[in-house]
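Colleague: Provide a 3D model corresponding to the input given below.
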Amino acid sequence: MGFELIPYPNAEELARAVAGRWLDELAKRKDPKVPYSVALSGGRIARDFFTAVAQQATSRGITMDGVHFFWADERCVPPTDPESNYAVARQLLFEPLKIPAAQIHRVRGEEEEGLALRDAVENVLRVAPVAEGKGLPVLNMIFLGMGEDGHVASLFPGESAETMANPAIYRSVIAVKPPPRRITLGYGMIAAAREVWLLASGKGKEQALRESLAPQGKTPLARVLRSRVLTRIFSDVGPV
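Modeller: Next up, the predicted model:
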């Protein structure tokens with residue numbers, strides 16, 4: 001288990017700092033024509049983060065050329081639904097920065113499940129290189145949030161060992177919170193990513209984060225941390 005825990009006093013400062021760090025990474029790319037793949041998550045902190053990215057990218061003159069957007073998870077709702085992770089990103093990030101539609105690869109959760117999964121997988125495979133040996137595409141960056149139960153993306157506690165070991169790029173889940181039908185990246189995809197940054201924000205999450213950071217933690221986040229050499233955790237949830 002390897003992680004770096006970076007504390008912040010509140011959600012606003014966390015979002016602003018992470019946005020700046022990510023834009024620093026994008027500014028260092030040698031060739032913007034080479035595709036850069038990032039998977040976004042939803043949740044309350046995502047709104048602050050998307051807003052901060054749009055504001056800072058504009059003020060700093062950093063473009064999103066070559067940046068391709070995917071999702072860590074999506075609710076099976078139409079893209080105009082308030083519960084849609086895509087809808088939030090479109091409003092606060094894509095439209096303000098005028099991201100070309102060809103760089104946005106939303107999960108079509110309103111479609112029949114099999115079609116939505118196939119489309120999501122094909123989109124990733126067209127952009128991200130596949131790792132030798134594991135057969136999984138490697139995303140440059142995955143942004144995750146964390147729930148009060150330690151869930152990340154739509155990977156919730158209580159899944160069987162067989163389900164957690166599913167090697168699928170994307171898989172469908174029935175969540176324990178509404179809306180129940182969702183599509184999520186699997187654990188293998190998160191483990192394979194070059195960078196995973198987790199934004200842990202909000203009251204009532206101290207215990208979940210504490211358990212996740214323990215060597216024998218059983219939360220979905222703990223499983224992610226054990227699968228990777230390094231995961232960066234940006235947190236305003238207080239001391240752990």
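
Colleague: ramachandran coordinates for residue 236?
Modeller: Dihedral pair for residue 236: phi -120, psi 20, per degrees, to the nearest 10.

Colleague: test my guess that it contacts residue 17.
Modeller: No - with contacts counted by C-beta atoms under 8 Å, residue 236 stays clear of residue 17, the gap being 10.2 Å. C-betas here are computed from N, CA, C, even on glycine.

Colleague: I'd like to know how far the spatially most central residue of the chain sits from residue 205.
Modeller: Per C-alpha atoms, centre = their mean, the C-alpha nearest to the average position across the chain is that of residue 143, at 3.3 Å. In this view, residue 143 and residue 205 are 17 Å apart by C-beta to C-beta, to the nearest Å.

Colleague: count of neighbours near residue 35?
Modeller: 14 (other C-beta atoms under 10 Å).

Colleague: count of residues packed around the closest residue to it other than its chain neighbours?
Modeller: Distances taken as C-beta to C-beta, 6 or more residues apart in numbering put residue 127 closest to residue 35, at 5.0 Å, once the chain neighbours are dropped. With neighbours defined by other C-beta under 10 Å, the count for residue 127 comes to 18.

Colleague: can you give me the helices for this protein?
Modeller: 11-27, 44-60, 85-89, 95-97, 113-127, 161-164, 187-192, 206-213, 220-227 (DSSP state H).

Colleague: report the angle between the second one and helix 11-27.
Modeller: This points to helix 44-60. If you take axes from the mean of the first three to the mean of the last three C-alpha atoms, to 10 degrees, helix 44-60 sits at 50 degrees to helix 11-27.

Colleague: buried stuff in helix 44-60?
Modeller: Of all the residues in helix 44-60, those buried under the rule 16 or more other C-beta atoms under 10 Å are 45, 46, 47, 48, 49, 50, 51, 52, 53, 54, 56, 57.
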